[in-house]
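*Asks:* task: produce atomic coordinates for the following.
(one chain, ligands or ions: 1)
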Amino acid sequence: PVGALIEAPHWHEVLKRLDSRQQVSVVQVAPATRIAISEEFGFKPGTVSTGRLINALRQLGFDYVFDTNFAADLTIMEEGSELLARVKAETDLPLFTSCCPGWVNWVELHRPDLLPHLSTTKSPQQMHGALSKRSLFARSLGPEYADGAKEPYVVSVMPCTAKKDEAARPGQSGDVDHVVTTRELARMIRSRGIAFGALDEDGVFDNPLGDSTGAAQIFGASGGVMEAMARTAAHLVDPDGAPALEWRALRGVNAGVKTTQVPGVGAVAVCNGIAAAQRMLQTDDWRDQYVAIEVMACVGGCLGGGGEPKSMDPDVLTKRAQAIYAVDGQAPRRRSFENPDVQTLYDKELGRPNSAAAQALLHTRYAERRSKRALLMRFLDCVDRRDG
Ligand code: SF4
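*Replies:* Residues are numbered from 1 along each chain as shown. Below you'll find the predicted structure:
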């Protein structure tokens with residue numbers, strides 16, 4: 001969707017950079033990748049391969065294997081706080097999520113009137129890249145990294161072709177050096193003769209940017225970002241209460257629009273696919289109905305992304321989603337604010353969510369963009385009027 005149709009391959013370049021060993025290398029892995037990559041190697045849809053995947057990335061030569069889920073937890077802290085501030089100020093509501101570049105691109109091109117509603121929080125990929133390059137972690141890599149003469153080489157593995165475009169966005173380029181899709185990573189693994197299926201399942205992510213909660217894992221499914229936000233927002237408005245952990249009304253890969261009520265916050269909605277969002281936006285009802293709306297351009301969310309393995313199984317999205325929620329269900333911590341490394345990051349570097357330091361590193365801006373078609377129509381309109 002929206003610029004995500006063409007997969008510009010970068011995996012050859014990534015292997016060359018890893019072989020050169022000129023910089024410390026860092027890789028981050030999206031939640032939907034660990035669920036689907038096993039399908040490339042003959043496993044059934046829904047087979048979770050986190051440990052195997054980590055071991056494969058180490059064999060490819062990455063120095064640090066981190067988890068995008070760490071930044072998903074951080075996204076919830078920033079975006080949840082942003083939502084509560086907007087609710088309090090009664091401004092720019094509803095808040096639209098902004099972690100899907102397919103959706104963000106569409107707004108910039110076709111509905112710039114919605115720009116004030118987009119969350120300014122960067123996506124987990126971009127947050128993680130910024131932290132890999134410009135946080136205490138980066139400065140701990142040695143004197144050249146501490147004084148800025150060198151920075152780590154940062155790669156992300158994503159289920160999404162639009163994430164390549166996101167990594168090159170104005171104001172965000174440089175956070176991530178290369179993006180490879182789940183399918184590209186499978187090609188890298190095969191090209192190096194690594195027998196994925198024979199790898200041990202014992203791989204674990206490095207720290208400090210590798211720990212995460214179950215809330216972060218469900219980012220990979222439609223409704224997951226909103227459910228993760230509901231878990232934390234409900235706690236923030238009522239710290240002594242016992243809000244629900246599972247918001248099942250927001251789950252599922254089939255419904256177009258899913259809704260629920262978050263106590264103390266308001267009604268929220270999830271648009272499952274860009275077409276569902278387009279239908280919702282045909283009227284203005286959404287303006288008064290909801291305080292927050294999640295939009296993911298791909299049906300099913302990132303587990304149905306354009307960079308995931310192709311499948312002939314008609315139930316593949318459901319099977320991947322079930323696997324994602326199973327990982328969440330088994331997680332020792334399931335709410336983003338419980339992530340101890342996120343708490344440490346705030347204590348040592350950022351202060352609090354939406355602080356000036358957090359704004360500088362973790363937030364971004366959007367701007368209207370004119371599509372080539374819109375520019376052509378405008379030109380033809382001018383010519384037409386001049387001739388008239
Ligand atoms: Fe990419 Fe996920 Fe958005 Fe699809 S839903 S365009 S995979 S970020």
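*Asks:* residues near residue 139, how many?
*Replies:* 13 (other Cβ atoms under 10 Å). In this view, the C-beta of every residue, glycine as well, is placed from N, C-alpha and C.
*Asks:* just give the nearest non-adjacent residue to it, would you?
*Replies:* When the adjacent residues along the chain are set aside, residue 139 lies closest to residue 146, with 4.4 Å between them (Cβ to Cβ, 6 or more residues apart in numbering).
*Asks:* now the one you found. Its backbone dihedrals?
*Replies:* Main-chain torsions, residue 146, degrees, to the nearest 10: phi -70, psi -40.
*Asks:* over to residue 248?
*Replies:* Backbone geometry at residue 248, expressed as degrees, to the nearest 10, gives phi -70, psi -20.
*Asks:* thinking again about what came up before, how many residues are close by the residue nearest to residue 139?
*Replies:* 13.
*Asks:* please apply the same query to residue 89.
*Replies:* Residues contacting residue 89 under the criterion other Cβ under 10 Å number 9.
*Asks:* pLDDT score assigned to it?
*Replies:* pLDDT recorded at residue 89 is 96.
*Asks:* which pLDDT value belongs to the residue nearest to the spatial centre of the chain?
*Replies:* With distances taken as Cα atoms, centre = their mean, the residue of the chain nearest its centroid is residue 124 (4.4 Å). For residue 124, the model assigns a pLDDT of 98.
*Asks:* which residues touch the residue lying closest to it once chain neighbours are set aside?
*Replies:* Nearest non-adjacent residue to residue 124, counting by Cβ to Cβ, 6+ apart: residue 71, 3.9 Å away. With contact taken as Cβ atoms under 8 Å, 6 or more residues apart in numbering, residue 71 is in contact with 28, 124-125, 127-128, 131, 209.
*Asks:* where does pLDDT dip in the protein?
*Replies:* The model of the chain has pLDDT under 70 over residues 1-7, 371-388.
*Asks:* what does it have sitting close to the ligand?
*Replies:* 1, 4, 100-102, 159-160, 162-163, 296-298, 301-302, 305 (Cβ under 6 Å from any ligand atom).
*Asks:* what's the separation between the residue nearest to residue 141 when sequence neighbours are not counted and residue 259?
*Replies:* Setting aside the residues directly before and after it, residue 141 is nearest to residue 24 in space (Cβ to Cβ, 6+ apart), at 5.2 Å. When Cβ to Cβ, to the nearest Å is the yardstick, residue 24 and residue 259 sit 45 Å from each other.
*Asks:* give me the buried subset of the residues of the chain next to the ligand.
*Replies:* Under a neighbour-count criterion of 16 or more other Cβ atoms under 10 Å, the subset of the residues of the chain next to the ligand counted as buried comprises 1, 4, 100-102, 159-160, 162-163, 296-298, 301-302, 305.
*Asks:* which ones among the residues you listed lie within helices?
*Replies:* 101-102, 162-163 (DSSP state H).
*Asks:* so where do the strands sit in the stretch 151-300 of the chain?
*Replies:* Along the stretch 151-300 of the chain, the stretches classed as strands by DSSP state E, counting those that start in this stretch are 153-158, 178-181, 257-262, 266-272, 292-296.
*Asks:* include distance to residue 120 when you put the ones you listed into CSV, please.
*Replies:* As requested, the strands of the stretch 151-300 of the chain are exported to CSV (distance: least, Cβ to Cβ, whole Å):
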stretch, distance to residue 120
strand 153-158, 21
strand 178-181, 21
strand 257-262, 21
strand 266-272, 18
strand 292-296, 14
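*Asks:* thought residue 101 was touching residue 122?
*Replies:* No: counting by Cβ atoms under 8 Å, no contact exists between residue 101 and residue 122, whose distance comes to 10.7 Å.
*Asks:* tilt between the longest helix along the chain and strand 266-272?
*Replies:* When every helix of the chain is counted residue by residue (DSSP H), the longest turns out to be helix 68-89. Put simply, helix 68-89 runs at 140 degrees to strand 266-272, going by axes from the mean of the first three to the mean of the last three Cα atoms, to 10 degrees.
*Asks:* list the buried residues in helix 68-89.
*Replies:* Burial within helix 68-89, assessed by neighbour count using 16+ other Cβ under 10 Å, is assigned to 68-84, 86-87.
*Asks:* next helix or strand past it?
*Replies:* Beyond helix 68-89 in the direction of the C-terminus, DSSP states H and E gives the next helix or strand as strand 95-96.
*Asks:* show me what that next one is packed up against.
*Replies:* Packed against strand 95-96, as judged by 3 or more Cβ pairs under 8 Å, 6 or more residues apart in numbering; DSSP states H and E, are the following elements: helix 68-89, strand 292-296.
*Asks:* and the last one, what does it pack onto?
*Replies:* I take that to be strand 292-296. Taking 3+ Cβ pairs under 8 Å, 6+ apart as contact, the helices and strands that strand 292-296 lies on are strand 95-96, helix 101-110, helix 224-237, strand 266-272, helix 274-280.
*Asks:* from the chain's centroid, how far away is that strand?
*Replies:* The chain centre lies 13 Å from the centre of strand 292-296; the measure is Cα atoms, centre = their mean, to the nearest Å.
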